[in-house]
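> this one's structure only:
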């Protein structure tokens, strides 16, 4: 036991963390063997990102102990964590795109003499870090923004290696990579492992974890629920650990009948990502769009809603075939859009719940351009009660609500309008399990009431649990549309990754 | 209960500031009687008119998430235009309308450039700041534009110390303030302006015609600036192309002191009006104490910083 303790590169025990009333972590233990790749697996909201923030010093744990190489480890902030030997690669790349590759690699650790930059030393150190990754030929003086996404990631990893970390954390590193780039990344990871670096690899792509990782730990609802050697574990076993039993009950299969087609999309294309998509959605149908991030799913919804112009093809709302295409016209035609980006696009955070909920139809709450605030509040109040939104009252600024409650209001906007065709982009991203279940239930009710729902989601169990029909997008094209019964998670992934190896992003 | 107290404090915040500023100048006994006299407040109100009307327009713009740096130049240009028209014997009503339209036209150009070219309001209006000032000097041939007399001259006068009547400019300001506050809070247009400033992407997604709305906001605000030019003319009784240099900063300061956020989506007319009054009381009080003008400038600068800091504390706590 003691020997194991000293052997571990990183040891966590009983880590807990809560934000206000939400208990994000309630007892996480993790042990990383030196020189191995350790997969950290769990659903969205299982607590992976909170755990990573604690490891990288962005948050402090409420309880529990952490040891790094046998020494107590309590990072004060991300910089401190880096100095102590834990470096992090975030899912979103963090590069100053206007600076050169060299400047990015050395950012915050520039070798200097009396405040003057030591150019030669900075070049040598950047070169050395890149060599460790097998990319010594990268042009150091080129602007970071001019490199491909995969190369930018290499630059980012090189930066992390500068402080000679014992543990390197990678959060969903392949989410924006092509198959070929993923292979290259795996080669890099194996190289680092051979050099004795321990890697924590976060992903919910299980196949990927099985290929690259040696050991695994599964998180569920903020707790460690299992782990061990990956070689001996079956996919089924891991999935059961991840989801538990109650998750199957999350998806209501309310009976609903499919009516006539209400939305027809023919050969739609939109710069820069959407190449070609044709589909038909029927009344009472829940249509799921699967695919990797950047495959063009969001672009398709935005083009349908006229937020981005169509470059080619046709979008037809059957009830209003020849109408103009602007967001305003789409609302008038009974189409509603839920943005994947709640904070940046979906909601006005400084404004009240009532204002957010009724923005699409304010002119109906009065006459001659005047608004009756009372009628607006009554309308909002009704949805707040129906959807059990936790808030002080409907005049509270929406930025003060939790993510799940914000999302309920964002969806209520479509209900209040009322929309007949719902375009929902990642409707359950980043919200708690309770709100999720409620939203699933709501989507089921909508379909039962004859509304058409199009859902974009990166979480496959959700699509398989909810949808009648699933279409998979790959590199800007909608390649396969089939009834849900004819899909499995693996098949969707295969269709989403395609087989060719040309880059996702031009 | 605590929440209610906070919202009450948030609403009363600028009021408290005004009371504190008035209280400070009322401490020294030698000036107290004159400072607190009705006649002095008549002067303060009258001195507030130009900044206050400017602040009405500026509140619309700042709430919509924009900024306008060309106000001082727009006021100079419209006052030159007005003086020239009076010179040519135009009727009072036509002159007033022409000045408001001139202001509106400058705003329209600003708005069209900002929304149409998708450029930063800061840069576009920094450009118009120079352009409008140059055009004013050009029209006026680099000198003041004088005329014999006009009714306009009486709208800002406080000359008669025995008259209790407030000049017309004060009443116009008050009426417009109420109207603008109603429009901002109770109409679709007003709520859309808030939506635009709070999150332009959301507004677009929800079908608000953002491009048209932006142009309209700058044009409307321009009309207010034209009106401010009218009262500038009324006060000076001549068209001066070099007047109101830097006035936009006083106006922006009034709106910010009044609790508006430069990032948009937050602001009230009441707050902006009190902000304008605070600025006028500071000017008036420091003059009465016979402090140097540079001292005035330092104090006003400090007040802006303190006001915004206090505002942030208040928001952070809630």
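Nice, I can see it. Note that the structure is predicted; figures quoted are calculated from it, not measured. Numbering: from 1, shown residues only, chains lettered A, B, ... in the order given.
> part of a helix, is residue B:68?
No: assessed with DSSP: H, G, I helix; E, B strand; the rest coil, residue B:68 is coil; it does not lie in a helix.
> what sits against it?
For residue B:68, the contacting residues are B:57, B:58, B:61, B:107, B:110, B:121, B:125, B:218, B:221, B:225, B:248, by Cβ atoms under 8 Å, 6 or more residues apart in numbering or on different chains. Using the backbone N, CA and C atoms, a C-beta is placed for each residue, glycine as well.
> And the residues you listed, which two are furthest apart?
Distances among those were taken as Cβ to Cβ; the most separated pair is B:121 and B:225, at 14.4 Å.
> More neighbours: these two, which one.
When residue B:121 and residue B:225 are compared for neighbours, residue B:225 comes out ahead with 36 against 22, by other Cβ atoms under 10 Å in any protein chain shown.
> wait, doesn't that one sit right on residue B:75?
Yes: counting by Cβ atoms under 8 Å, residue B:75 is a contact partner of residue B:225 at 6.0 Å.
> Show me whatever sits in contact with both of the two.
Common contact partners of residue B:225 and residue B:75 (Cβ under 8 Å, 6+ apart): residue B:54.
> Neighbour-wise, which one of the contacts of residue B:68 leads?
Using other Cβ under 10 Å as the neighbour criterion, residue B:225 leads the contacts of residue B:68 with 36 neighbours.
> Next, count neighbours for the residue in the stretch 401-506 of chain A that chain B sits nearest to.
Residue nearest to chain B within the stretch 401-506 of chain A: residue A:413 (7.4 Å; Cβ to the nearest Cβ). Residues near residue A:413, counting by other Cβ under 10 Å, number 27.
> And for residue A:395?
For residue A:395, the neighbour count with other Cβ under 10 Å is 16.
> got a list of what it touches?
Contact analysis of residue A:395 by Cβ under 8 Å, 6+ apart lists A:352, A:353, A:354, A:377.
> rewinding a little: would you confirm that the residue of the stretch 401-506 of chain A closest to chain B contacts residue A:356?
Yes: using Cβ under 8 Å, residue A:413 makes contact with residue A:356 at a distance of 6.8 Å.
> Residue B:306 and chain A, how far apart?
Counting by Cβ to the nearest Cβ, to the nearest Å, the separation of residue B:306 from chain A is 23 Å.
> excluding its backbone neighbours, what's nearest the residue of the stretch 51-200 of chain B found nearest chain A?
Nearest residue of the stretch 51-200 of chain B to chain A (Cβ to the nearest Cβ) works out as residue B:198 at 3.6 Å. Nearest residue to residue B:198 in three dimensions, chain neighbours excluded: residue B:265, at 3.1 Å (Cβ to Cβ, 6 or more residues apart in numbering or on different chains).
> same thing with residue A:94?
Per Cβ to Cβ, 6+ apart, closest to residue A:94 is residue A:156, 6.7 Å.
> shouldn't the one you found be in contact with residue A:95?
Yes: the pair formed by residue A:156 and residue A:95 meets the contact definition of Cβ under 8 Å, at 6.3 Å.
> Common neighbours of these two, please.
residue A:104.
> Wait, a strand at residue A:253?
No: counting by three-state DSSP, residue A:253 is located in no strand; its state is coil.
> Share the number of residues neighbouring it, please.
By other Cβ under 10 Å, 8 other residues sit near residue A:253.
> again, but for residue A:388
Counted with other Cβ under 10 Å, residues neighbouring residue A:388 total 11.
> what's the closest non-adjacent residue to it?
Among residues not flanking residue A:388 along the chain, residue A:438 sits closest, at 7.2 Å (Cβ to Cβ, 6+ apart).
> can you tell me the helix or strand for the one you found?
Using DSSP states H and E, the secondary-structure element containing residue A:438 is helix A:433-448.
> Next: residue B:133.
Per DSSP H and E: residue B:133 is located in helix B:121-139.
> hmm, the next helix-or-strand element following that helix touching chain A?
Per DSSP H and E, the first helix or strand lying C-terminal to helix B:121-139 is helix B:168-186. Yes: using Cβ under 8 Å from any Cβ of the partner chain, helix B:168-186 reaches chain A at B:185, B:186.
> in helix B:168-186, what's buried?
For helix B:168-186, a neighbour-count test (16 or more other Cβ atoms under 10 Å in any protein chain shown) marks B:168, B:169, B:170, B:172, B:173, B:176, B:177, B:180, B:181, B:183, B:184, B:186 as buried.
> how far out from the middle of the chain is the very next helix or strand once past the helix holding residue A:438?
Using DSSP H and E, the helix or strand that follows helix A:433-448 in sequence is strand A:452-456. On the basis of Cα atoms, centre = their mean, to the nearest Å, strand A:452-456 sits 18 Å off its chain's mean C-alpha point.
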